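*Asks:* just coords:
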């Protein structure tokens, strides 16, 4: 018991150094740390969890890589809770660059933006946390709650700007809302004004 407590204290100190003094907490059924300069790595597994600032990462395995633990890689039942932005991301695997705040998911992903009442899914995600821009690709789908009912958006690529609250649907775009269907090569949606703009090969079904 004492030995385990000493190990936790040593790893806590090491993690604090890696994260430049930013408060951090972690847990895992198995932990392995390599402290060799230039090859700094911490591996957490068997129910791993890492919290840094307002972000909490949970996964079957989490690996912290590089000087100051710049890169974080998670695999297996990944859940990210970004409390500062009120966003929850679920996926099979993620990589996160702490310095540039770029998060990538190459595989199934679900994003919940609780502030803007949005749920988005796809098979690829690039999230620029500093700019508040999400790009979802491959069978991309986004649902937005409105007073007139759910707005369902589909496209090859969906770009969502959380700051401007605008959507860009690129490639085979479809918007279903209030019983109407809008199809085009590309579509822009303003979530505040609920204005829909379409370009290229426009088709639609409108119920008057």
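*Replies:* Cool, got the structure. What you see is a predicted model; the values in this text were computed from it and never measured.
*Asks:* okay, CA-based contacts and neighbour counts for the rest of this
*Replies:* OK.
*Asks:* Could you give the number of residues near residue 203?
*Replies:* In terms of burial, residue 203 registers 12 neighbours under the definition other CA atoms under 10 Å.
*Asks:* For it, which residues are in contact?
*Replies:* Taking CA atoms under 8 Å, 6 or more residues apart in numbering as the contact definition, residue 203 lies against 182-184.
*Asks:* Ok, residue 168 next?
*Replies:* For residue 168, the set of contacting residues under the criterion of CA under 8 Å, 6+ apart consists of 158-160, 186-189.
*Asks:* And residue 78, by the same measure?
*Replies:* When contacts are counted by CA under 8 Å, 6+ apart, residue 78 is found next to 57-60, 89-94.
*Asks:* Out of these, the closest to residue 73 would be?
*Replies:* For the contacts of residue 78, the closest approach to residue 73 (CA to CA) belongs to residue 94, at 5.8 Å.
*Asks:* List the pairing partners of the helix or strand where that closest one lies within its sheet, with orientation.
*Replies:* Secondary structure here is read from DSSP states H and E; on that basis residue 94 sits in strand 87-97. In its sheet, strand 87-97 lies beside strand 71-82 (antiparallel), strand 102-113 (antiparallel), with partners assigned from DSSP bridges.
*Asks:* where's the last one relative to the chain centroid, distance-wise?
*Replies:* I take that to be strand 102-113. 4 Å (CA atoms, centre = their mean, to the nearest Å).
*Asks:* next one: stretch 86-95
*Replies:* The mean C-alpha position of stretch 86-95 is separated from the chain mean by 4 Å, CA atoms, centre = their mean.
*Asks:* I am finished for the moment; much appreciated.
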